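Peer 1: what's the 3D shape of this:
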Amino acid sequence: MSSKRVQQAANHTAKAGKPDPSTELDLHAMTVDEAIPLVQEYLNDAFIAGLKEVRVVHGKGTGILRQAVMRELRKHPLVKSFRSGGRFEGSTGATVVEF
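Peer 2: Numbers count the residues shown, from 1 in each chain. Here you go, the predicted structure:
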C-alpha cells in the first residue's frame with residue numbers, strides 16, 4: 001500500500017480517542033445519502049485500526065443501497081477488493097471488504 005493511500009486515510013480518520021471500529025457496519029433502514037458518509041468514515045477508521053477485512057451489511061431490499069455501497073467501494077483508495085457475503089456472511093445482503 002502506498003504511503004499516499006495511508007496518508008489519505010489518516011487525514012480522514014475521526015478524532016483521537018474514538019474506540020476501534022467493529023468488523024461490521026450495519027446500514028439497515030438507511031437511505032443512500034445517510035449511509036455513504038458512514039461507509040467512508042468506517043472504511044477509513046477500520047483501515048487505521050489495522051483491520052484486514054470488514055463486512056458492510058446493507059440488506060437485500062431493492063438493491064439500491066447495495067449498488068451505492070459497491071460504487072463507493074470501487075473508488076475508495078484503501079479498498080483492495082470486495083465481494084458479496086458468503087452463505088454464512090449475509091449473502092447478497094452484505095458486502096465483505098478487504099484492505
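
Peer 1: which secondary structure elements does the biggest helix by length in the chain contact?
Peer 2: Longest helix in the chain by number of residues (criterion: DSSP state H): helix 32-48. For helix 32-48, the elements it packs on are helix 3-12, strand 24-26, strand 53-57, helix 64-75, judged by 3 or more CB pairs under 8 Å, 6 or more residues apart in numbering; DSSP states H and E. Glycine gets a C-beta too; all of them are placed from N, C-alpha and C.

Peer 1: Comparing those, which yields the minimum mean pLDDT?
Peer 2: The weakest mean pLDDT among the helices and strands packed on helix 32-48 belongs to helix 3-12, with a mean of 45.

Peer 1: Just give me how far the longest helix of the chain sits from the chain centre.
Peer 2: Put simply, helix 32-48 sits 6 Å off its chain's centre (CA atoms, centre = their mean, to the nearest Å).

Peer 1: Could I get the average pLDDT for that helix?
Peer 2: 98.

Peer 1: Just want the angle from that helix to helix 64-75.
Peer 2: Between the axes of helix 32-48 and helix 64-75, defined by axes from the mean of the first three to the mean of the last three CA atoms, to 10 degrees, the angle is 40 degrees.

Peer 1: Just the CA coordinates for helix 32-48, please, in PDB.
Peer 2: Output of helix 32-48 as PDB, limited to C-alpha atoms (Å, rounded to 0.1, in the frame of the first residue of the first chain):
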ATOM      1  CA  VAL A  32     -28.100   6.200   0.400                       C
ATOM      2  CA  ASP A  33     -27.500   9.800   1.500                       C
ATOM      3  CA  GLU A  34     -27.300   8.700   5.100                       C
ATOM      4  CA  ALA A  35     -25.200   5.600   4.500                       C
ATOM      5  CA  ILE A  36     -22.400   6.600   2.200                       C
ATOM      6  CA  PRO A  37     -20.800   9.100   4.600                       C
ATOM      7  CA  LEU A  38     -20.800   6.500   7.300                       C
ATOM      8  CA  VAL A  39     -19.300   3.900   4.900                       C
ATOM      9  CA  GLN A  40     -16.500   6.400   4.000                       C
ATOM     10  CA  GLU A  41     -15.700   7.100   7.700                       C
ATOM     11  CA  TYR A  42     -16.000   3.500   8.700                       C
ATOM     12  CA  LEU A  43     -13.600   2.300   6.000                       C
ATOM     13  CA  ASN A  44     -11.000   4.800   7.000                       C
ATOM     14  CA  ASP A  45     -11.400   4.000  10.700                       C
ATOM     15  CA  ALA A  46     -11.200   0.300  10.100                       C
ATOM     16  CA  PHE A  47      -8.100   0.600   8.000                       C
ATOM     17  CA  ILE A  48      -6.300   2.800  10.600                       C
END
